[in-house]
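> No sequence on hand, only this structure:
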């Protein structure tokens, strides 16, 4: 979605990991990017990692990006 120089982008990602020594993980991420001006992005995302037989790991990430 874009309005003038500002824009918003949504994203999602799924990853599955299997390790040679055993263990499997599923990782789910969903997030939003906001560009207040063309070369600057403000980012937020939520990630949940699920491991068989273990408690889920949940994280929030906040970031700022600059393209030059």
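Cool, the structure landed. All values reported here derive from a predicted model rather than from experimental measurement.
> Sheet-wise, list the partners of the helix or strand where residue 29 lies with their directions.
Secondary structure assignment for residue 29, by DSSP states H and E: strand 24-37. Strand 24-37 pairs in its sheet with strand 6-18 (antiparallel), strand 40-51 (antiparallel), by DSSP bridges.
> And the last one, how far out from the chain middle?
To tie it back to what came earlier, the one meant is strand 40-51. In terms of C-alpha atoms, centre = their mean, to the nearest Å, the centre of strand 40-51 is set 3 Å apart from its chain centre.
> What is the helix or strand following that strand packed up against?
For strand 40-51, the following helix or strand on the C-terminal side (DSSP H and E) is strand 57-66. Secondary-structure packing of strand 57-66 (3 or more C-beta pairs under 8 Å, 6 or more residues apart in numbering; DSSP states H and E): strand 40-51. The C-beta positions use only the backbone N, C-alpha and C, and glycine is treated the same way.
> Name the surrounding residues that touch the strand it packs on.
11, 23-36, 56-67 (C-beta atoms under 8 Å, 6 or more residues apart in numbering).
> hang on, the earlier thing: mind putting the strands paired with strand 24-37 in JSON lines, mean neighbour count and mean pLDDT included?
Shown next, in JSON lines, are these (neighbours: other C-beta atoms under 10 Å; pLDDT from 0 to 100):
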{"stretch": "strand 6-18", "mean neighbour count": "11", "mean pLDDT": "95"}
{"stretch": "strand 40-51", "mean neighbour count": "15", "mean pLDDT": "95"}
